[in-house]
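*Asks:* Sequence plus the predicted model coming up.
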Amino acid sequence: MARQNSKNIDYEKIAKSESFRQLSKKKNSFLWTITAIFFILYMLLPVLTSYTKILHQKAFGEITWVWIYSFGLFVMTWGLAHFYVSRANKYDKDAQSIIDEFERGAGQ
């Protein structure tokens, strides 16, 4: 539920502020980086299994590296999701502090 303010907030002015632009740039950089990591590691599985024999080698007994890599992708997905949530919470706090700054009139 959105919090009720006695003041009207000029979100267009906030969006044009330097502090918001820096936050947006930092957030976008993080999102593109985490997306690239996720995509590259996921796409490596079909490439490595189809065009090379690297992952077809036995790792432990009858278990091949394909199984280990595949399990690692699940671990990576959960890890990146938790990392994303923690960073998103930080970005939300930073955005709220920018809004609070404008509410106090410091950003006017």
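*Replies:* Looks like it arrived, so ask away.
*Asks:* Need phi/psi at residue 63.
*Replies:* phi -80, psi 120 (degrees, to the nearest 10).
*Asks:* Scan the protein for its longest helix.
*Replies:* Of all the elements of type helix in the chain, the one with the most residues (DSSP state H) is helix 65-103.
*Asks:* In that helix, which residues are buried?
*Replies:* 65-66, 69, 95, 98-99, 101-103 (16 or more other CB atoms under 10 Å). For the C-beta atoms, the positions are set from N, CA and C on the backbone; glycine is no exception.
*Asks:* before we move on, what about stretch 39-51?
*Replies:* For stretch 39-51, by 16+ other CB under 10 Å, it's 48-49.
*Asks:* Give me the mean pLDDT for that stretch.
*Replies:* Across stretch 39-51, the average pLDDT comes to 95.
*Asks:* ditto for stretch 59-73
*Replies:* Rounded mean pLDDT across stretch 59-73 is 95.
*Asks:* With distance to residue 58 as extra columns, can I get the buried residues of helix 65-103 in a markdown table?
*Replies:* Listed next are the buried residues of helix 65-103 as a markdown table, based on distance: CB to CB, whole Å:
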| residue | distance to residue 58 |
| --- | --- |
| 65 | 8 |
| 66 | 10 |
| 69 | 13 |
| 95 | 50 |
| 98 | 54 |
| 99 | 56 |
| 101 | 59 |
| 102 | 61 |
| 103 | 62 |
